[in-house]
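Engineer: need a structure here:
(2 chains)
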Amino acid sequence: MKNKISAIIEKSVNFCAEQKLLGAMNLPYIEVDVPANTDHGDYASNIALILASGAKQNPRKIAQIIQENMADPENIIARTQIAGPGFLNFFIKDNIWQQTLQVIEEQKENFGRSSLGNGKKVQVEFVSANPTGPLHIGHARGAVVGDVITNLLTTVGYAVDKEYYINDAGNQMNNLGKSVLLRYRELLGEKIEFPETCYRGNYIKDIAANVISKEGNIYLAADEGKTISYLTGIAGQSILKEIQDDLRDFGVTFDHYFSEKELYINNGVANLLESLRKKNFVYSDGETLWFKTTDFGDEKDRVVIRKNGEPTYFAADISYHQNKFSRGYEMIIDIWGADHHGYMPRLWAGIQSLGYDKEALKIILVQLVNLLRDGVPVAMSTRSGEFVTLREVLDEVGKDAARYNFLMRRSDSHLDFDLEIAKKQSNENPVFYVQYAHARICSILRMSQQEHGIALPVYKDINPALLNEPEEMTLIKFMSRYPEVIEGAAKSLEPHRITFYLNELASVFHSFYNKNKVISDNRELTVARLFLIKAISIVLGNALKILGVNAPDKM
RNA sequence: GCGCCUGUAGCUCAGCUGGAUAGAGCAACGGACUUCUAAUCCGUUGGCCGAGAGUUCGAAUCCCUCCAGGCGCACCA
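Structural biologist: Residues are numbered from 1 along each chain as shown, chains lettered A, B, ... in the order given. Model prediction:
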């Protein structure tokens, strides 16, 4: 609809230019907005204001010229007006809006889908937490954002894969094995001092106890290096399994789990660095190998091979991103905790040195979650074992409420998550407001069939012109904008726009519901309204599906 | 010290990339269940958009300078 309006304007402006009705100018991008105030029409354009500044003419006069030369071949415009400093306002005919209902009926669960992405291959990498402990509340936000961005991009026609990078080659994993060994010894009677670098959560004890019950005390005497590497493997696998289970129950699944170790197969990392050295992006100072990230705007160069000969995380990460591109992805999206933001220039330097466009790697920073209990900050540390796990949040608040909660804010805004409030307010959580709207509609549809014997109508059997109450027109117009909302959210990678849309759609529906009866003695009107609310339930359902939130039939 | 994010109603946050009178939810107050689900609806109160200058027809939005909070600034990941 928006596109039709801008096409009409463009045609008129071009015509006026040819006829020399307007002064010399070049045609700017034609902006069409939905005004905040409905008195200003269904759509409004500031085109005359834009042209006026270049042409040094009165904007209202320009608007008038454009208005007088407008053609409306499809006959969709009821009237236009010139308002304020020179806005051109458009009022669309009711029957045009009402046709949206037919589109929704035809497309059903596909309403809102588009081919914007053109099948382009995209990869979204997120969570990627080291398997050194269970996921905590801080990981949950990034998990939902990544998951929903994937759904969004899929909805608008991209071919999207979700990937989890398992960071299992560094010394943090080694510390994990060491921690298990220490607990193992402790459980077998030794007195143990735990170093700072070790993990102390109870899950470590569980793993150690499990090893004892299966294999006994044979590792007390065994070679320590081998034992640690063995225990690292055991612990890593068991923790990763737990992470996958937690994510699954949170509604998040992945297409690939990519192990950092794969990068080192066939000297992959070393070969990459060698090729970069030939291209002069890497230099040695005798002891360490440096990457010239300053060539790409970073504040200083970065180490890729340490004094001890080990490659850094950064070195592996360049290799990882090269691997991603080599798999044919045209766009790569990384979702990080905001505490990693300082790392961005480095990685961009890395992919540019490989010849890829900086724009091809989009990095979304998700601000950290500030965890509170009754207003008091809760200390969070994987190492000390003091944290609230994703599992606990799921048990306390539930999947739907937790997901919706994280999706209600822009990713880059800080988020306070108070456990007590989250629990207390779970009944007043906006997610229920939206779900309730869906359940209410389902209930009415059930009632109409079971109690009144009215079958679900099809579009050709209703008279859409009867749906002319203000609330009904608002609902229809609002639903017809759904595809634009999805497209906007996908383009800007901002899932929160959908939750705001949903809240508003639910709100308009609840108002309508309280003011008007769907099922009444007027059969013709009843049928039309049943069709209307069915359409609403489709839109609610489609949007909730993108969010990964359930749309219940009853509550 | 340098960099990134944030600052909008008492609280939590939107504000469609520069538009018309800045909006929701919660909280507070007053109303609506003999009715398709009251987990709902209707109404009232509440604002110097952190501060100051600038850009133009027009600024919460863009530029600059401050102030405040968060997070980074490793041969950790």
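
Engineer: From residue A:195, how far off is the residue lying farthest from the centre of chain A?
Structural biologist: Taking CA atoms, centre = their mean as the measure, the residue most remote from the mean C-alpha position of chain A is residue A:221, 50.6 Å away. When distances are taken as CB to CB, to the nearest Å, residue A:221 and residue A:195 turn out to be 22 Å apart. The way it works is simple: take the backbone N, C-alpha and C, and place the C-beta from them, glycine included.

Engineer: can you give me the strands in the stretch 301-450 of chain A?
Structural biologist: Secondary structure of the stretch 301-450 of chain A by DSSP state E, counting those that start in this stretch: the strands cover A:302-305, A:331-337, A:361-366, A:369-373, A:376-377, A:415-418.

Engineer: now the ones you listed in JSON lines, with mean neighbour count and mean pLDDT?
Structural biologist: Shown next, in JSON lines, are the strands of the stretch 301-450 of chain A (neighbours: other CB atoms under 10 Å; pLDDT from 0 to 100):
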{"stretch": "strand A:302-305", "mean neighbour count": "20", "mean pLDDT": "95"}
{"stretch": "strand A:331-337", "mean neighbour count": "20", "mean pLDDT": "94"}
{"stretch": "strand A:361-366", "mean neighbour count": "19", "mean pLDDT": "93"}
{"stretch": "strand A:369-373", "mean neighbour count": "17", "mean pLDDT": "77"}
{"stretch": "strand A:376-377", "mean neighbour count": "10", "mean pLDDT": "70"}
{"stretch": "strand A:415-418", "mean neighbour count": "17", "mean pLDDT": "79"}
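
Engineer: would a markdown table of those with distance to residue A:253 be doable?
Structural biologist: Written out in a markdown table, the entries for these read as follows (distance: least, CB to CB, whole Å):
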| stretch | distance to residue A:253 |
| --- | --- |
| strand A:302-305 | 34 |
| strand A:331-337 | 15 |
| strand A:361-366 | 19 |
| strand A:369-373 | 22 |
| strand A:376-377 | 32 |
| strand A:415-418 | 23 |
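
Engineer: ranges for the strands of the stretch 101-250 of chain A?
Structural biologist: In chain order, the stretch 101-250 of chain A shows strands spanning A:121-125, A:159-166, with DSSP E, counting those that start in this stretch as the criterion.

Engineer: Residue A:50 is nearest to which of those?
Structural biologist: Minimum separation from residue A:50 across the strands of the stretch 101-250 of chain A (CB to CB) falls at strand A:121-125, 34.1 Å.

Engineer: Would you give the sheet partners of that closest one, along with the direction of each?
Structural biologist: Strand partners for strand A:121-125, identified by DSSP bridges, are recorded as strand A:159-166 (parallel), strand A:331-337 (parallel).

Engineer: now check the last one, is it near RNA strand B?
Structural biologist: No - legend: contact between strand A:331-337 and RNA strand B by CB under 7 Å from any atom of the strand is lacking; minimum distance shown is 7.8 Å.

Engineer: Relative to the whole chain's centre, how far out is that strand?
Structural biologist: Computed by CA atoms, centre = their mean, to the nearest Å, the separation of strand A:331-337 from the middle of its chain amounts to 11 Å.

Engineer: Tell me the pLDDT of residue A:80.
Structural biologist: Among the per-residue scores, residue A:80 shows a pLDDT of 93.

Engineer: List phi and psi for it.
Structural biologist: Reported as degrees, to the nearest 10, the phi and psi values for residue A:80 are phi -130, psi 160.

Engineer: who's in contact with the most centrally placed residue in chain A?
Structural biologist: Note on chain A: the residue nearest the mean C-alpha position is residue A:149, at 3.0 Å, using CA atoms, centre = their mean. Taking CB atoms under 8 Å, 6 or more residues apart in numbering as the criterion, residue A:149 is in contact with A:124, A:333, A:335, A:364, A:493, A:495.

Engineer: pLDDT score assigned to it?
Structural biologist: Each residue has a pLDDT score; the one for residue A:149 is 96.

Engineer: next one: the one 4 residues further on
Structural biologist: In this model, residue A:153 is scored at 97, pLDDT.

Engineer: ok, now residue A:28?
Structural biologist: pLDDT, residue A:28: 70.

Engineer: what about it, helix or strand, and which?
Structural biologist: Residue A:28 belongs to no helix or strand when assigned by DSSP states H and E.

Engineer: Can you tell me how far it is from RNA strand B?
Structural biologist: Counting by CB to the nearest atom of the strand, to the nearest Å, the gap from residue A:28 to RNA strand B is 10 Å.

Engineer: Residue A:112 now?
Structural biologist: Counting by CB to the nearest atom of the strand - residue A:112 and RNA strand B are separated by 16 Å.

Engineer: That residue contacts residue A:486, doesn't it?
Structural biologist: Yes - because the distance of 4.8 Å satisfies CB atoms under 8 Å, residue A:112 is recorded as touching residue A:486.

Engineer: any chance of the contacts of residue A:149 in CSV, plus distance to residue A:433?
Structural biologist: As requested, those are arranged in CSV below (distance: CB to CB, whole Å):
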residue, distance to residue A:433
A:124, 29
A:333, 30
A:335, 28
A:364, 27
A:493, 25
A:495, 18
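
Engineer: Closest one to residue A:207 out of those residues, please.
Structural biologist: Compare each of the contacts of residue A:149 with residue A:207 using CB to CB and the shortest gap goes to residue A:335, at 28.7 Å.

Engineer: what number of residues lie near the closest residue in space to the closest one that isn't next to it in sequence?
Structural biologist: Leaving out its chain neighbours, the residue that sits closest to residue A:335 by CB to CB, 6 or more residues apart in numbering is residue A:126, at 3.9 Å. One way to gauge burial is a neighbour count; for residue A:126, by other CB atoms under 10 Å, it gives 26.

Engineer: And residue A:126, its phi and psi?
Structural biologist: In this entry, residue A:126 is assigned phi and psi values of phi -150, psi 180 (degrees, to the nearest 10).

Engineer: Quick check: it vs RNA strand B, distance?
Structural biologist: With distances defined as CB to the nearest atom of the strand, the gap from residue A:126 to RNA strand B amounts to 15 Å.

Engineer: Does residue A:15 touch residue A:68 like I think?
Structural biologist: No - Residue A:15 is beyond contact range of residue A:68, at 10.4 Å (criterion: CB under 8 Å).

Engineer: who has more neighbours, these two?
Structural biologist: Taking residue A:15 and residue A:68 together and counting by other CB under 10 Å, residue A:15 has the greater number of neighbours (15 against 10).

Engineer: what's the average pLDDT for the helix or strand hosting the more buried one?
Structural biologist: Under the criterion DSSP H and E, the helix or strand holding residue A:15 is helix A:2-18. The average of the pLDDT scores along helix A:2-18 is 86.

Engineer: Following the chain past that helix, name the next helix or strand.
Structural biologist: Under the assignment DSSP H and E, the closest C-terminal helix or strand after helix A:2-18 is strand A:32-33.

Engineer: which secondary structure elements does that next one contact?
Structural biologist: Contact analysis of strand A:32-33 by 3 or more CB pairs under 8 Å, 6 or more residues apart in numbering; DSSP states H and E lists helix A:2-18, strand A:43-45 as its packing neighbours.

Engineer: Quick one: closest of those to RNA strand B.
Structural biologist: Evaluated over the helices and strands packed on strand A:32-33, closeness to RNA strand B peaks at strand A:43-45, with 3.0 Å, by CB to the nearest atom of the strand.

Engineer: Fine by me, thanks again.
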